[in-house]
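Visitor: What shape does this take:
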Amino acid sequence: MKRALFALSLLALPAASLGAQVSVDFTPQIGAYVPLKDLTLGTDPLSGLEKRQKAETKLTIGGRLGLWMSPSFGFEGVVDYNKGGVVTYLGGTPVDPTQGSHFFAGSGRAMLKLHSANGGVAIILNAGAGLVDRGGEFINGSTPPSTVYTGRTDFAPAAGIAFLVRLRSDVAARIAVDGYTYSAQYINSIFGSTGKQRQYDLVITFGLTGPFKRYGIPGE
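Guide: Numbers count the residues shown, from 1 in each chain. The predicted model follows:
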């Protein structure tokens, strides 16, 4: 019995040590969504001119919830959303009214934090994967169902870098640059399939990071 208690006490030591370091933080954020590539690219069947569609650079909002297993390593969930539009170009000239569109991305990532000597500044590197979804008039069409597209949700690897500047003991300013890449291809029952385009989207945000929950021994 004593041996069993001794063994359980040894197993509890790492758990207690880990519990003293685990914390959860939350970052609401606002910034800009910057698409770097055309959403669709092809040839207009009537004019024979190049036809492409590109999403607009727009305001984005989102948030991230981080779980830190130690001061330098953790995991986070990230959500980004913006409501903008898609512009159609024919032969390099914008045509037709801008179609409304929204972009939603959710991802899970691993994080590595590099601290300055005094802890006042830190850099966070993250990488993982998630899903992106595009909706709105661009996908649903202004006169459904004839112009409805399918294939709106895509798997998207994601990675980013963030700079933290501590403002007080429990709050830090966070400037982040996140990138998503995915293959977008939209299919329409009348016009067929758009060419598959590799997308590279940036989300540049600012937010305030604060503790959401701490675990372990108070004061550690």
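
Visitor: Tell me which strands the one helix or strand Phe103 maps to pairs with, and in which orientation.
Guide: For Phe103, the enclosing helix or strand under DSSP states H and E is strand 93-115. Each strand paired with strand 93-115, and its direction, by DSSP bridges: strand 73-90 (antiparallel), strand 121-135 (antiparallel).

Visitor: buried residues in the first one?
Guide: By neighbour count, and taking 16 or more other Cβ atoms under 10 Å as the criterion, the buried residues in strand 73-90 are 74, 76, 78, 80-89. No exception for glycine: its C-beta is placed from N, CA and C like everyone else's.

Visitor: Arg166: what secondary structure?
Guide: strand (DSSP: H, G, I helix; E, B strand; the rest coil).

Visitor: I'd like the next helix or strand past the lowest-mean-pLDDT helix or strand in the chain.
Guide: When the helices and strands of the chain are compared on mean pLDDT, DSSP states H and E, helix 2-19 comes out lowest with a mean of 39. Following the chain from helix 2-19 toward its C-terminal end, the next helix or strand by DSSP H and E is strand 23-35.

Visitor: ok and that next one relative to strand 73-90, angle-wise?
Guide: Strand 23-35 and strand 73-90 are oriented at 20 degrees to each other (axes from the mean of the first three to the mean of the last three Cα atoms, to 10 degrees).

Visitor: For the remainder of this discussion, apply numbering that starts at 709.
Guide: With 709 as the first residue, the last one maps to strand 731-743.

Visitor: Can you list the helices and strands that strand 731-743 packs against?
Guide: Counting contacts by 3 or more Cβ pairs under 8 Å, 6 or more residues apart in numbering; DSSP states H and E, strand 731-743 packs against strand 758-763, strand 766-776, strand 781-798, strand 879-892, strand 905-922.
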